[in-house]
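*Asks:* Sequence plus predicted model, see below.
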Amino acid sequence: MEKTDKIYVAGHRGLVGSAIVRSLKRSGYENIIGRSHKEMDLCEQAEVRKFFEEERPDIVVLAAAKVGGINANNTAPAEFAYSNMQIQCNVIECCHQYKVKKLLFLGSTCIYPRMAPQPIPEDALLTGPLEVTNEAYAIAKIAGLEMCKFYKRQYGDNFISCMPTNLYGPHDNYELQGSHVLPAMIRKFHEAKINNAATVELWGTGSPLREFLYVDDMADACVFLLENYDGEQHVNIGTGKEVTIKQLAEMIKKTVGYEGDIVWNSDMPDGTPRKLTDVSKLHGLGFMHKVELEEGIQLAYDWFKENIDSARK
């Protein structure tokens, strides 16, 4: 990559994309472009082709996707599959047709089998059944990852992929029906504190183990891979550390300062029992995360409070 390269970040206003834009700027890349959903619908092939024809980006980061938590995935699986495959097909094909120098495709660790070996190595992909609560999203992301491999094999395109673990931080989605577990807990505990609620109800048993990565660490890893990695195999991005959902809840409760009780609704699904990434490949390339979970939760909560009126809620 050159500092003068024109870099298109698809999804530049979201949790992931905005962090990647921040990281690129910190690294000295200033020629960064993006388009909001109103300006360009990535599901519309003609609009995407027009954009590539006019802008001719040198580097593309595909961070745009339809995302959500267990409830959203359970209730709208067709939408998650269709929208994500449309976005991926349109952008990846245009990257090929307009000869971009490099594409970074972002997947998610939910693409791995439900009962994958722990920690999950990159080669666990497609070795077993998926978690049913996010199967549609996972299948779409697997399709995008494999497309990048196929374009590299057939055409020699420099398309690489990475698999971030559970992310959180500035510009996250705090809408309770569609958000992921960590931001949903931040909002629930904050509102319970403000309203002096005696209890907060959380889904499941609290027993599943999860890994969480502060989004700016993820973004720095993405820029690192753009600068240093050209391999065909995708790369896990995570911390290699895990906590139970119950431990996470207690950490967020403490950070927010909520003094009531937590009630676990065991009638609701837990999701995958454990999901820890093997990050030895990333570490071997020379990258390590910096922000530990307790510090990251405080940073995320501070952002939420400062942006409570405009946060996605």
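*Replies:* On my side now, so go ahead. Numbering: from 1, shown residues only.

*Asks:* hey, let's count contacts and neighbours off CA atoms from now on
*Replies:* Noted.

*Asks:* In three-state terms, label residue 141 for me.
*Replies:* Three-state call for residue 141 (DSSP: H, G, I helix; E, B strand; the rest coil): helix.

*Asks:* Can you give me the pLDDT of it?
*Replies:* Turning to residue 141, the model gives it a pLDDT of 94.

*Asks:* How many residues are close by residue 27?
*Replies:* 13 (other Cα atoms under 10 Å).

*Asks:* Which residues are in contact with it?
*Replies:* Residues near residue 27 by Cα atoms under 8 Å, 6 or more residues apart in numbering: none.

*Asks:* which stretches of the stretch 151-300 of the chain form helices?
*Replies:* For the stretch 151-300 of the chain, helices defined by DSSP state H, counting those that start in this stretch occupy the ranges 181-194, 215-228, 245-256, 280-285, 293-306.

*Asks:* so can I have TSV of the ones you listed showing mean pLDDT and mean neighbour count?
*Replies:* Output for these, formatted as TSV (pLDDT from 0 to 100; neighbours: other Cα atoms under 10 Å):
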stretch	mean pLDDT	mean neighbour count
helix 181-194	95	20
helix 215-228	98	21
helix 245-256	98	19
helix 280-285	98	15
helix 293-306	97	17
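
*Asks:* just so I know, which of the ones you listed lies nearest residue 106?
*Replies:* Among those, the nearest to residue 106 by Cα to Cα is helix 215-228 (8.8 Å).

*Asks:* what sits up against the closest one?
*Replies:* With Cα under 8 Å, 6+ apart, helix 215-228 has contacts from 1, 15-16, 19-20, 22-24, 102, 104, 162, 164, 167-170, 237-238, 287, 289-291.

*Asks:* how about the strands in the protein?
*Replies:* 7-10, 32-33, 59-62, 102-106, 159-164, 166-168, 199-203, 209-210, 212-214, 235-237, 243-244, 261-265, 274-275 (DSSP state E).

*Asks:* Just put these in TSV and tack on mean neighbour count and mean pLDDT.
*Replies:* TSV is the format used below for the strands of the chain (neighbours: other Cα atoms under 10 Å; pLDDT from 0 to 100):
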stretch	mean neighbour count	mean pLDDT
strand 7-10	24	98
strand 32-33	16	98
strand 59-62	24	98
strand 102-106	24	98
strand 159-164	26	97
strand 166-168	23	93
strand 199-203	16	95
strand 209-210	20	94
strand 212-214	24	97
strand 235-237	27	98
strand 243-244	17	97
strand 261-265	14	97
strand 274-275	22	86
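
*Asks:* and residue 253, which of these is closest to it?
*Replies:* Of all the strands of the chain, strand 261-265 comes closest under Cα to Cα, at 9.0 Å.

*Asks:* partner strands of the closest one, parallel or antiparallel?
*Replies:* strand 199-203 (parallel) (DSSP bridges).

*Asks:* Next, the angle from the partner strand to helix 245-256.
*Replies:* 140 degrees (axes from the mean of the first three to the mean of the last three Cα atoms, to 10 degrees).

*Asks:* CA-only coordinates of strand 199-203, as PDB, when you get a sec.
*Replies:* What follows is strand 199-203, C-alpha atoms only, in PDB (Å, rounded to 0.1, in the frame of the first residue of the first chain):
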ATOM      1  CA  THR A 199     -33.600  -6.000  38.500                       C
ATOM      2  CA  VAL A 200     -32.200  -6.500  35.000                       C
ATOM      3  CA  GLU A 201     -33.300  -9.500  33.000                       C
ATOM      4  CA  LEU A 202     -30.600 -11.100  30.700                       C
ATOM      5  CA  TRP A 203     -31.100 -13.900  28.200                       C
END
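
*Asks:* Residues contacting it, please?
*Replies:* Where contact means Cα under 8 Å, 6+ apart, the residues beyond strand 199-203 that reach it are 185, 188-189, 192, 260-270.

*Asks:* Likewise for stretch 138-155?
*Replies:* Outside of stretch 138-155, the residues within contact range by Cα under 8 Å, 6+ apart are 80-82, 84-85, 88-89, 92, 96, 105, 107-108, 110-112, 130, 157-161, 232-234.

*Asks:* which among the residues you listed end up buried?
*Replies:* Neighbour-count burial (16 or more other Cα atoms under 10 Å) applied to the contacts of stretch 138-155 gives 80-81, 84-85, 88-89, 92, 96, 105, 107-108, 110-112, 130, 157-161, 232, 234.

*Asks:* tell me how far the ends of stretch 284-292 are from each other?
*Replies:* 20 Å (Cα to Cα, to the nearest Å).

*Asks:* Could you do stretch 27-43 as well?
*Replies:* End-to-end distance of stretch 27-43: 31 Å, with Cα to Cα as the criterion.

*Asks:* need the helices of the stretch 151-300 of the chain in TSV with distance to residue 153, can you?
*Replies:* Converted to TSV, these look like this (distance: least, Cα to Cα, whole Å):
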stretch	distance to residue 153
helix 181-194	37
helix 215-228	19
helix 245-256	40
helix 280-285	21
helix 293-306	38
